[in-house]
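3D model of this:
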Amino acid sequence: MTVLLRDTFKAWIDRAPGVPPRLIMIGDVRVPNNGSLARLTRRSPQGINPKILILDVNAQQPAGTAQEEMTTVPLRYEESPPQDEYGQVMIAHSRGEIVVRIGRTH
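All right, here's what the predicted structure looks like:
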């Protein structure tokens with residue numbers, strides 16, 4: 001069972017000079033098997049509120065046999081330039097969701 005580690009999720013828009021703005025979302029999930037993979041993917045279609053970006057957590061078990069051991073996997077999603085002026089990101093998984101307010105860097 002994949003578990004979202006709620007306190008690890010952060011989102012911000014990087015507005016470094018000389019490059020287009022970039023939305024960055026990071027966080028961690030705990031997966032049951034060593035060697036499992038997880039990633040954030042943009043939901044399609046998005047929800048009805050264009051100011052909330054929805055990302056799904058997709059986790060895959062390793063092929064063959066793997067040692068059952070809870071492992072933390074870091075996640076990262078980037079969108080450059082952001083497709084809208086998002087205020088929040090919702091990270092969704094079959095066991096729940098987390099909503100993160102987007103911070104700003106200059």
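
now do the helix or strand hosting Arg6: which elements does it pack against?
If you go by DSSP states H and E, Arg6 is part of strand 3-14. Judged by 3 or more Cβ pairs under 8 Å, 6 or more residues apart in numbering; DSSP states H and E, strand 3-14 is in contact with strand 22-33, strand 88-93, strand 96-105. (Each C-beta comes from the backbone N, C-alpha and C, glycine too.)

could you list the low-pLDDT ranges of this protein?
64-67, 104-106 (pLDDT under 70).

so for it, the centremost residue is which one?
In the chain, the residue lying closest to the centroid (Cα atoms, centre = their mean) is Leu40, at 4.4 Å.

beta partners for the closest residue to Ala92 other than its chain neighbours?
Once flanking residues are discounted, Ala92 sits nearest to Asp56: 5.3 Å by Cβ to Cβ, 6 or more residues apart in numbering. Residues in a beta bridge with Asp56, per DSSP bridges, are Thr41, Ala92.

number of nearby residues for Asp56?
16 (other Cβ atoms under 10 Å).

got a list of what it touches?
Listed by Cβ atoms under 8 Å, 6 or more residues apart in numbering, the contact set of Asp56 reads Leu40, Thr41, Arg42, Arg43, Ile91, Ala92, His93.

TSV for the residues you listed, including distance to Gly18?
Conversion of these to TSV gives the following (distance: Cβ to Cβ, whole Å):
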residue	distance to Gly18
Leu40	26
Thr41	29
Arg42	26
Arg43	31
Ile91	30
Ala92	34
His93	36
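
buried subset of those?
Leu40, Ile91, Ala92, His93 (16 or more other Cβ atoms under 10 Å).

one step back: please name whichever of the helices and strands packed on strand 3-14 is nearest to Ser80.
Among the helices and strands packed on strand 3-14, strand 22-33 comes nearest to Ser80, with 4.0 Å by Cβ to Cβ.

just how off-centre is that closest one within its chain?
The chain centre lies 5 Å from the centre of strand 22-33; the measure is Cα atoms, centre = their mean, to the nearest Å.
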